[in-house]
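> quick check, what structure comes out for this input:
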Amino acid sequence: MVLELYLDLISQPCRAVYIFAKKNGIPFQMHSVELRKGEHLSDAFALVNPMKKVPAMKDNGFALSESVAILLYLTHKYKVPDHWYPQDLQARARVDEYLAWQHTALRRSCIRALWHKVMFPVFLGEQVPSERLAATLAELDVNLKVLEDKFLQDKAFLVGPHISLADLVAITELMQPVGGGCAVFEGHPRLAAWYQRVEAAVGEDLFREAHEVILKVKDSPPANPIIKQKLMPRVLTLIQ
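Have a look, this model is predicted:
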C-alpha cells in the first residue's frame, strides 16, 4: 500500500514533510486537510490522528503524527542521502539539537508573527494592538539572531556543508512570517545567503510549489462565524 500523508501546505511542518518526500522521490498519496476550514477538527480526521493535528501519516496501517517523528521515519525507511540525518554522531547530534530548540523558540516566534500580523486581522477579523505586534516581532528577531549566531555561524548550512533536516525545518518555519509580510532576512545577511542555498539545494521549483499557499495567505477570505468559533480556542493555545 502507498504511503499516505495528511497535509495542509499552509502549515510549516507539513511543508517540511512534503518537500522531504518529494525531494527524495518517496512515493505518497496526499490527503488535503484544510486547516482554515477546520477539517482537522472533524470526527473523520480524528480517526487518522486523535490529536487532530497535521501532518499525519499512515503507512500500511501504521499511523504516525508529529512532523519530526514522520521525517525521521521516512529517513530511516527510505535510506535517503546521509546528509539529511548524518550517521556521524556529532553531526547527527547537531541536527537533534536544532530540532529540540526550535519547537519552543523559533516556531513559537514564527507562528505568533504570522497570526498577529495577518491571520488575526485578515482571517479572524480581530485587530491586534500595535504594542503586542511590536513585541512579537522583537521576539522573532531575538530568535533569528540565535539561529544565525549559534546554529548557522559561518557554515553553508546549519550542520555543515550540506543541507540537513535542520535546514529544512528551519526554512519552512521562517516562511510563515515571510508569508505574513515580515522582512525576516533584513539585517541578517548570513541568513539571507543561507536561504538562497537552501532553496537551491531543495530545488527552486519544488520550493516555490510548497510555499505557494503561505505566500498568498494575506489574501485569505475571512472565516465564517462557525469556523471562527471552532478555531479560536486552538489558535489561542497555539500562540500563547
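
> mind jotting down where the strands sit in the protein?
Applying DSSP state E to the chain gives strands spanning 3-7, 28-32, 56-59, 62-65.

> the inter-axis angle of the second one versus strand 3-7?
Compare the direction of strand 28-32 with that of strand 3-7 by axes from the mean of the first three to the mean of the last three CA atoms, to 10 degrees and you get 30 degrees.

> pairing partners for strand 28-32, with directions?
Here strand 28-32 has these sheet partners by DSSP bridges: strand 3-7 (parallel).

> what sits up against the partner strand?
For strand 3-7, contacts defined as CB atoms under 8 Å, 6 or more residues apart in numbering pick out 14, 17-18, 21, 26-33, 45, 48-49, 54-59, 70. C-betas here are computed from N, CA, C, even on glycine.

> give me that answer again for 6 Å
14, 18, 28-31, 33, 48, 54-59 (CB atoms under 6 Å, 6 or more residues apart in numbering).

> looking at those, which is nearest residue 197?
Within the set of the contacts of strand 3-7, residue 18 lies nearest residue 197; the separation is 19.9 Å, counting by CB to CB.

> tell me the contacts of that closest one?
Neighbours of residue 18 in contact, by CB under 6 Å, 6+ apart: 7, 210.

> circling back: mean neighbour count added to the strands of the chain, as JSON lines?
Output for the strands of the chain, formatted as JSON lines (neighbours: other CB atoms under 10 Å):
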{"stretch": "strand 3-7", "mean neighbour count": "21"}
{"stretch": "strand 28-32", "mean neighbour count": "14"}
{"stretch": "strand 56-59", "mean neighbour count": "22"}
{"stretch": "strand 62-65", "mean neighbour count": "14"}
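
> quick check: which of these is nearest to residue 198?
Of the strands of the chain, nearest to residue 198 by CB to CB is strand 3-7, at 19.9 Å.

> how many residues are close by the closest residue to residue 216 other than its chain neighbours?
Ranked by CB to CB, 6 or more residues apart in numbering and with sequence neighbours excluded, the top spatial neighbour of residue 216 is residue 179, at 7.8 Å. For residue 179, the neighbour count with other CB atoms under 10 Å is 24.

> gap between residue 179 and residue 126?
As judged by CB to CB, to the nearest Å, residue 179 and residue 126 stand 18 Å apart.

> for residue 7, same thing?
Residue 7 sits 27 Å away from residue 126, going by CB to CB.

> which among the contacts of strand 3-7 gets closest to residue 138?
Set against residue 138, the nearest of the contacts of strand 3-7 by CB to CB is residue 14 (27.7 Å).

> which pLDDT value does the model give the closest residue to that closest one other than its chain neighbours?
Once flanking residues are discounted, residue 14 sits nearest to residue 7: 4.1 Å by CB to CB, 6+ apart. If you check residue 7, the pLDDT there is 98.

> beta partners for residue 7?
When bridges are called by DSSP bridges, residue 7 pairs up with residue 32.

> in this structure, which helix is the longest?
helix 130-146 (DSSP state H).

> put the alpha carbons of that helix into CSV.
What follows is helix 130-146 as a C-alpha-only set of coordinates in CSV (Å, rounded to 0.1, in the frame of the first residue of the first chain):
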residue,chain,number,x,y,z
SER,A,130,0.3,47.6,17.9
GLU,A,131,2.4,47.1,21.0
ARG,A,132,1.6,43.4,21.0
LEU,A,133,2.7,43.1,17.4
ALA,A,134,5.9,45.1,18.1
ALA,A,135,6.7,42.7,21.0
THR,A,136,6.0,39.7,18.8
LEU,A,137,8.3,40.9,16.0
ALA,A,138,11.0,41.8,18.6
GLU,A,139,10.8,38.3,20.0
LEU,A,140,11.2,36.9,16.4
ASP,A,141,14.3,39.0,15.8
VAL,A,142,15.9,37.6,19.0
ASN,A,143,15.4,34.1,17.8
LEU,A,144,16.6,34.9,14.3
LYS,A,145,19.8,36.1,15.9
VAL,A,146,20.1,32.8,17.8
